[in-house]
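**Q** Quick one, structure for this:
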Amino acid sequence: RERRMYEAEHRIRHKDGSVRWIWARGHGVFAPDGSLRFIEGLNLDMTRQQQAEQELRESEERFRGTFENAAVGIVHSDSAGRFLRVNQKFCAIVGYSREELLHKTLQDIIHPDELNAHIEHYESCFARNAPPAFGVERRFLRKDGTTVWVEAYASFQHDASGRPVYVIGAVQDISERKRLEEEV
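**A** Coordinates of the predicted model:
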């Protein structure tokens, strides 16, 4: 009717009963009197691509669910200590909102008495491409100025060439344990 190229995605039922996704592109070929003679075009089976996209969406949703619903604080930070991603549990541990943390660095929340040791250790790990193989007990400063003791475990996310891109940290509030240890 509009005498222009068309492009569309649609589903068809294959003779074996399965549903296939098709990408179609074409145009009409018209007779001199204006009537449609036939449609000329191309149909591509996009089923595998559609399935891969669906699997990717499901994988991303599983990652998001694992990240957000973890029982520990999870944080991703770059080589400068800038927060790239934080989960809600981490926000609760340090008392900052996600938006606030994404404008901060680890150095902003490390207790001042531990800051130099943290910076040296952090930079050394990146330089050697060797995250600590054990948990580190550290004091953070919460937004309200109070101290929170945490135990942190870290690993690297590497790029295709094996260089560390960012740190993946798992953080547990151990303030109560530290209080009980002091009492004993």
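
**Q** Which helix in this structure has the most residues?
**A** The residue-count maximum for a helix in the chain (DSSP state H) belongs to helix 47-69.

**Q** The helix or strand that that one is followed by relative to helix 47-69, how many degrees between them?
**A** Using DSSP states H and E, the helix or strand that follows helix 47-69 towards the C-terminus is strand 73-77. Put simply, strand 73-77 runs at 120 degrees to helix 47-69, going by axes from the mean of the first three to the mean of the last three CA atoms, to 10 degrees.

**Q** any idea how far the longest helix of the chain is from the chain center?
**A** 11 Å (CA atoms, centre = their mean, to the nearest Å).

**Q** Listing request: residues of this protein with sub-threshold pLDDT.
**A** 132-134 (pLDDT under 70).

**Q** try 90 this time
**A** 1-3, 34, 66, 79, 116-136, 163, 179, 181-184 (pLDDT under 90).

**Q** quick one, helices of it?
**A** Using DSSP H, helices in the chain cover 47-69, 88-94, 98-101, 106-109, 115-128, 175-183.

**Q** Show me what counts as buried in the fifth one.
**A** Which is helix 115-128. By 16 or more other CB atoms under 10 Å, the buried positions in helix 115-128 come out as H118, Y122, C125, F126. Where you see a C-beta, it was placed from the backbone N, CA and C, and this is true even at glycine.

**Q** what do you get for the first one?
**A** Residues T47, Q50, F67 are the ones in helix 47-69 that count as buried (16+ other CB under 10 Å).

**Q** Show me what that helix is packed against.
**A** Using 3 or more CB pairs under 8 Å, 6 or more residues apart in numbering; DSSP states H and E, the elements in contact with helix 47-69 are strand 19-30.
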